[in-house]
Structure formats: C-alpha cells, structure tokens
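this one's structure only:
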C-alpha cells in the first residue's frame, strides 16, 4: 500500500516529537507499506522567521520571504530523515523542488501547476522512505522557490497523493479526527468516523481549523481519500474524508462550526443606483479582501443599506478601500464584536425543518441573528460574539449531535 503521511507543526515541534513521527513511519514501513511523508516546519518556526524578516523590513520582497520561510520545512525533513537513517531505514529527504512541485509565480501564495513525480518514483522503486518538505515548490517560469500559503503542507500532501495515485493520505495533527464541534466548547462533541468532502469544505470555510480548505478542495478534485488523525495517539482511528456516495448513513447535521475571525461592515444610506454594489465588491476583490456574507436591504427613497463580513486580518485594508465610497453612503461602521456560527450536513438536502430549528433554538436563548446565509448543506448565522459558545452548545444539543 502506498501511503502519503503529512505531519503538522505540533507533530514535529520538538526533537522528541520528530522521533515519535519516525516511530509511526517505521511501523508502516515494517508492514511493507511504501511511504511518502510530508512535513511542516517545527511549531513556531515560521512565525520566528517572519519576525526575523520584519526586523529588517516591514514589507520584505515576497520572493525573498519565500526563500526564508521554505527553510523551516527543509530542516524538519532532513532531521526526520537522519533519525530514520540512524535506525537502519533507507530514507531520503527532498525539498519541494526535488519532489517535482511546480507552481505558478505567485510568491507567498502560489498554486500548484504540475508535479513531476520521477524523483519520488525512483526513490520508491529503491525501497526508500521519502520525506518531503511541505508548503513549497518552484516557480514554473523563474525557477525560484515559492510557498503555498498558510496550511500549505496539507496541500503538498494531497497533491502528491493525487499525483502518485496513493491508496490513502493521512493528515496527522494534534487532534484525533473531525468532531461534531470544538470539544473545548462542547465536551459532549463526538468524533465522526467519516464525512464528505463537501461537508468538510463547508466546516473548514466556516471556522473549523483541522484541515486547510484548499487541501480538501484538491482531495475532492483528485479523488484522494483523506484521513485526519493525531500523531500523539496514532493507535486511535481518525476520520475519513471521502466522496458522499461512499458514506452509508448520511446524518442530517454533521457538525457545528464557529468562526470568531469575522468583522461586519455596515454601509448605511448607500445611494441606490445600478452598479454601486459591483463597484464596491470589485474594488474589495482587487485588494484581495475575501468577502463572506452579504445582505442588502430593499431600496427606499433612493437609498439602501448594505452589510457584509470580512476576516479580521483584512480590517485595515478594508477601511482603506471603503474610504473611496464615503460619499456614496451616509455612514460606514465596523463591528468587531461578532462571530459566525454554521450548521453543516449533507442530510439537509432531503430534510425539512433544519433552518427553523436553528432559528428557534437561538431565539429560545435570546440570541439575535444579524445576518443569515444558506447553501444546500449549510446555514450560517452572524450573532454577537459574547453568545458564541452558548449558541454552539445549544445548537449541538438541539440536533442531538452527542448521540
């Protein structure tokens, strides 16, 4: 069996934890599996390197930043390879370039264009364990080192699994699977044995931090079976992320996600004329600001109100963009005391009453909903941040997710 194993920053955060990862790999190799491991930088390493760069410049060149940040993963891959070699295993470490990871030219947030697997296939044919530095590749035009953005090692692992047609891709973190909600908020949260790509995508985009959503998108596209599990309890079964048709029993609701990383932008008395919304959101998009939920009221006396949400770290950029539209509205304000609570489940497609239960549950707890957004398998609601944990626990209980 060909396994692609990805180990996150906490899993390789110390030399002892790297040794623990080596032990996990050894067990699979002793079972005659072929292994390609993808590693992140040791936890905290990337942030430390960014601090180093910021000592010299508040806005370092992106291609130099990529050269710097990509070193963290190479350190981990070499250390893990040394640990396994010392114990008698044939192992080789590879940078993103050596692993054949070809990307576009968009430094610090590159996208994978192609993977030349010839080096990896040759090493596998030689019965070697391959340790790939995740998060990085090489530009298709300039041949400079590129990085894939936060969580990019997940993306590296899934892309390699797809290119190599691996039997399974296991993502090891400090959490032993996907839960019905954050167990730190609701102790009665249950671990899911399996979940569909679409549900996982919705949970990831709604605040669940276990898997990077770009990696789930790629897993769906390449039909890669993903398993989320913990490197600290490798004997415990994780959660399988797979095609919806592979799941026998589809729960109405699979999980509740909470995203505190939200700010509501309110525009009041906006001149209600054709093209105003297009102008606002095109300008925001050009500034690479990700707008999530949007609500516009019916125009009255030539004026309308417009509300939308953005990620917290885009606040300063958004304020700068919105200065262009001050004359088009009576007032623009920013509410940082909000959060987004989302209900996700493929069973919503065939069951009624899911939304009404959510609304009535929050009403019973005197929680006012500011914005509502729905898709075929998700309902998202913006509420005051102070009610975040109460809302999650109440909804978890209302849909009996502990059972």
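Great, that's in hand. The shown structure was predicted, so the numbers you read here are calculated from the model rather than taken from an experiment. Numbering: from 1, shown residues only.

Let me see the ranges of the helices in the protein.
15-30, 45-56, 62-86, 118-125, 152-164, 197-205, 213-222, 276-286, 315-322, 354-364, 388-398 (DSSP state H).

And the strands in the stretch 251-400 of the chain?
For the stretch 251-400 of the chain, the strands defined by DSSP state E, counting those that start in this stretch cover 255-259, 263-271, 294-296, 303-310, 331-335, 338-344, 371-375, 378-384.

Just send the ones you listed back as a markdown table, with mean pLDDT, distance to residue 187 and mean neighbour count too.
Placement of C-beta: from N, CA and C, glycine included. Below are the strands of the stretch 251-400 of the chain laid out as a markdown table (pLDDT from 0 to 100; distance: least, C-beta to C-beta, whole Å; neighbours: other C-beta atoms under 10 Å):
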| stretch | mean pLDDT | distance to residue 187 | mean neighbour count |
| --- | --- | --- | --- |
| strand 255-259 | 95 | 14 | 25 |
| strand 263-271 | 92 | 29 | 19 |
| strand 294-296 | 89 | 34 | 15 |
| strand 303-310 | 92 | 29 | 20 |
| strand 331-335 | 93 | 30 | 14 |
| strand 338-344 | 95 | 18 | 25 |
| strand 371-375 | 90 | 28 | 15 |
| strand 378-384 | 95 | 22 | 21 |
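
Turn those into CSV, including distance to residue 21.
Formatted as CSV, the strands of the stretch 251-400 of the chain follow (distance: least, C-beta to C-beta, whole Å):
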stretch, distance to residue 21
strand 255-259, 28
strand 263-271, 38
strand 294-296, 43
strand 303-310, 37
strand 331-335, 43
strand 338-344, 31
strand 371-375, 37
strand 378-384, 35
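
out of these, nearest to residue 114?
strand 371-375 (31.5 Å; C-beta to C-beta).

Partner strands of the closest one, with direction?
Counting by DSSP bridges, the strands paired with strand 371-375 are strand 378-384 (antiparallel).

Show the end-to-end separation of stretch 176-188, please.
Taking C-alpha to C-alpha, to the nearest Å, stretch 176-188 runs 15 Å from one end to the other.

typo on my end, it should be stretch 339-354
Terminal-residue distance, stretch 339-354 (C-alpha to C-alpha): 20 Å.

on that earlier part again, of the strands of the stretch 251-400 of the chain, which is nearest residue 199?
Among the strands of the stretch 251-400 of the chain, the nearest to residue 199 by C-beta to C-beta is strand 338-344 (5.4 Å).

Measure how the closest one sits relative to strand 303-310, angle-wise.
70 degrees (axes from the mean of the first three to the mean of the last three C-alpha atoms, to 10 degrees).

partners of strand 338-344, with directions?
Using DSSP bridges, strand 338-344 pairs in its sheet with strand 255-259 (antiparallel), strand 378-384 (antiparallel).

picking that back up, which stretch among the helices of the chain approaches residue 302 most closely?
Among the helices of the chain, helix 276-286 sits nearest to residue 302 (C-beta to C-beta), with 11.3 Å.

Which elements pack onto the closest one?
strand 303-310, helix 315-322 (3 or more C-beta pairs under 8 Å, 6 or more residues apart in numbering; DSSP states H and E).

let's see 10 Å
When contacts are defined as 3 or more C-beta pairs under 10 Å, 6 or more residues apart in numbering; DSSP states H and E, helix 276-286 sits against strand 263-271, strand 294-296, strand 303-310, helix 315-322.

Redo the strands paired with strand 338-344 as a markdown table? Include distance to residue 76.
Output for the strands paired with strand 338-344, formatted as a markdown table (distance: least, C-beta to C-beta, whole Å):
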| stretch | distance to residue 76 |
| --- | --- |
| strand 255-259 | 29 |
| strand 378-384 | 35 |
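
between those strands, which one is nearest to residue 395?
Closest among those, using C-beta to C-beta: strand 255-259, at 5.1 Å.

Now residue 369. Nearest residue, chain neighbours left out?
residue 381 (4.8 Å; C-beta to C-beta, 6 or more residues apart in numbering).

List the residues that contact that neighbour.
Contacts of residue 381 were listed using C-beta atoms under 10 Å, 6 or more residues apart in numbering, and they are 293, 339-343, 355, 358-359, 362, 367-374, 391, 395.

again, but for residue 343
Contacts for residue 343 (C-beta under 10 Å, 6+ apart) come out as 202, 206, 252-257, 354-355, 357-358, 361, 374, 377-381, 395-396, 398-399, 401.

mind running it again at 8 Å?
253, 255-256, 354, 358, 378-380, 395, 399 (C-beta atoms under 8 Å, 6 or more residues apart in numbering).

What residues are bridge-paired with it?
Beta-bridge partners, per DSSP bridges, of residue 343: residue 256, residue 379.

List just the one of the strands of the stretch 251-400 of the chain that sits closest to residue 60.
strand 303-310 (24.8 Å).

helices or strands next to that closest one in the packing?
strand 263-271, helix 276-286, strand 294-296.

quick revisit: for residue 268, state which of the contacts of residue 343 is nearest.
Within the contacts of residue 343, proximity to residue 268 (C-beta to C-beta) peaks at residue 380, which comes in at 22.8 Å.

From residue 252, how far out is that closest one?
17 Å (C-beta to C-beta, to the nearest Å).

quick one, what contacts the most centrally placed residue in the chain?
The C-alpha lying nearest the average C-alpha coordinate of the chain belongs to residue 212 (C-alpha atoms, centre = their mean; 1.9 Å). Contact analysis of residue 212 by C-beta under 8 Å, 6+ apart lists 150-152, 154-155, 204.
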